[in-house]
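>>> I would like the atomic coordinates for the input below:
(one chain, ligands or ions: 4)
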Amino acid sequence: RAARNGEDGVRGYVASMGQIFLRRFQLVTQFRQALDAGQIEVHYQPKVALPERRVVGAEALVRWSHPEYGRLSPDEFIPVVEATGMVDALTTFVMERVLVRVRAWLARGLRLSGAVNLSVRNLADESFPDRVAEALARHGIPPGLLTFELTESSVMADPERCLPVLRRLRALGVHLAVDDFGTGYSSLAYLRQLPVDEVKIDKSFVLGMGTDLGDMAVVRSIVELGHSLELKVVAEGVEDDAARDELVRMGCDTAQGYLISRPLSENRFEVWLQARTVRKSRPGQEAEEHV
Ligand code: C2E
Ligand code: MG
Ligand code: MG
Ligand code: MG
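Ligands and ions are numbered 1, 2, ... in the order given. The predicted structure is shown next:
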């Protein structure tokens with residue numbers, strides 16, 4: 001009887017592994033079509049300056065509304081897409097959307113930076129900086145209003161190839177941010193070598209700040225390290241006032257997280273932004289971007 005249970009267990013395991021592979025295979029084969037069919041949506045999450053809460057930019061975060069599986073998180077499909085050549089198409093798609101938004105914000109007098117997450121494939125692609133320059137020119141966007149977020153581990157995967165690409169992007173005048181900082185192995189020594197403007201403290205440390213003194217110490221050290229290297233420091237995963245107040249005390253420059261807003265669809269983000277920028281403007285004055 002025990003043996004039979006074991007057998008069933010194994011069969012169940014094999015079946016679910018099969019399902020996982022099938023699903024992955026489907027995601028790979030369906031992605032290109034999903035992009036063309038409008039199933040890939042770009043959501044936006046605001047970044048605000050501390051302590052005054054002025055909106056300084058927004059990060060683009062993709063979602064896949066899959067006809068069979070529902071709303072898929074990028075943590076599930078990005079690795080699948082990265083394993084194929086299609087991540088180029090994704091990055092281009094997101095960057096184009098973001099540049100259209102940045103243009104629209106500028107037209108309303110808002111100088112907001114649009115942030116796009118890069119994959120390791122983009123960083124190893126020598127033609128990427130030229131394509132970025134072309135897109136900026138075509139949309140008429142000042143390069144300083146485009147930010148690329150990259151993780152340390154993606155640079156470390158192949159520093160010889162990635163560093164020249166990063167230097168060329170930076171020479172264009174676009175901003176570069178190290179994402180998920182603190183989770184890699186070589187953090188401190190390597191940060192100094194990277195041609196970046198901004199460091200984003202990984203949300204795991206920010207989320208733990210209220211309950212874990214170790215996390216609090218890590219956050220404080222990253223703020224100090226970032227500032228000593230003359231980088232702007234952004235905290236992601238800011239979920240409550242206590243975390244926000246502590247970050248203000250530490251001198252952290254920018255905050256992003258559910259406390260300010262969850263990532264929002266394009267339309268909902270525009271409504272949110274409108275409410276934030278109109279609320280403070282007094283009658284007879286132009287809308288300010290401050291809140
Ligand atoms: P990330 O770039 O580190 O983005 C931050 C993640 O934290 C997002 O998850 C965001 O929704 C989540 N987040 C923001 N504020 C809070 C908070 O206060 N609390 C908590 N618990 N979470 C918060 P999301 O949207 O699921 O994205 C996951 C990852 O997928 C991103 O991490 C990024 O690495 C990747 N990704 C998203 N969009 C793209 C893309 O267009 N291209 C590439 N290559 N990667 C992307
Ligand atoms: Mg990011
Ligand atoms: Mg991050
Ligand atoms: Mg992340």
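>>> quick one, helices of the stretch 101-250 of the chain?
120-123, 128-139, 152-156, 159-172, 187-191, 203-208, 213-228, 241-250 (DSSP state H, counting those that start in this stretch).
>>> wait, isn't Leu99 in contact with Ala135?
Yes - counting by Cβ atoms under 8 Å, Ala135 is a contact partner of Leu99 at 6.0 Å. The way it works is simple: take the backbone N, C-alpha and C, and place the C-beta from them, glycine included.
>>> looking at those two, which one has more neighbours?
Leu99 (21 against 16; other Cβ atoms under 10 Å).
>>> how about the contacts made by the more buried one?
Neighbouring residues of Leu99 by Cβ atoms under 8 Å, 6 or more residues apart in numbering: Gly114, Ala135, Leu136, His139, Ile141, Leu146.
>>> among those, who's most crowded?
Leu146 (26 neighbours).
>>> doesn't Arg63 fall inside a helix?
No - under DSSP: H, G, I helix; E, B strand; the rest coil, Arg63 sits outside any helix and is assigned strand.
>>> can you count the residues close to the closest residue to it other than its chain neighbours?
Of all residues not flanking Arg63 in the chain, Glu41 sits nearest, at 5.0 Å (Cβ to Cβ, 6 or more residues apart in numbering). Look at Glu41: counted by other Cβ under 10 Å, it has 14 neighbours.
>>> so Glu41 makes contact with His66?
No - if you go by Cβ under 8 Å, Glu41 and His66 don't touch, sitting 11.3 Å apart.
>>> ok so, going back, of the contacts of Leu99, which ones also sit close to ligand 1?
Among the contacts of Leu99, no residue sits close to ligand 1 (Cβ under 6 Å from any ligand atom).
>>> surely Asp125 meets Val165?
Yes - look at Asp125 against Val165 with Cβ under 8 Å: they come within range, at 6.9 Å.
>>> show me where pLDDT drops low in the chain?
Scanning the chain for pLDDT under 70 picks out the ranges 1-15, 185-187, 279-291.
>>> residues from it in reach of ligand 2?
Residues of the chain lying close to ligand 2 (Cβ under 5 Å from the ion) are Asn117, Glu149, Asp179.
>>> looking at the contacts of Leu99, spot the one nearest ligand 2.
Gly114 (12.1 Å; Cβ to the ion).
>>> what sits against the residue nearest to the spatial centre of the chain?
Residue closest to the average C-alpha location in the chain (Cα atoms, centre = their mean): Asn117, at 4.7 Å. Taking Cβ under 8 Å, 6+ apart, we find Asn117 in contact with Glu59, Ala60, Leu61, Val94, Phe148, Glu149, Leu150, Asp179.
>>> now render the residues you listed as CSV, adding neighbour count and distance to ligand 3.
Shown next, in CSV, are the contacts of Asn117 (neighbours: other Cβ atoms under 10 Å; distance: Cβ to the ion, whole Å):
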residue, neighbour count, distance to ligand 3
Glu59, 24, 9
Ala60, 22, 13
Leu61, 19, 10
Val94, 20, 15
Phe148, 24, 13
Glu149, 21, 7
Leu150, 25, 10
Asp179, 23, 4
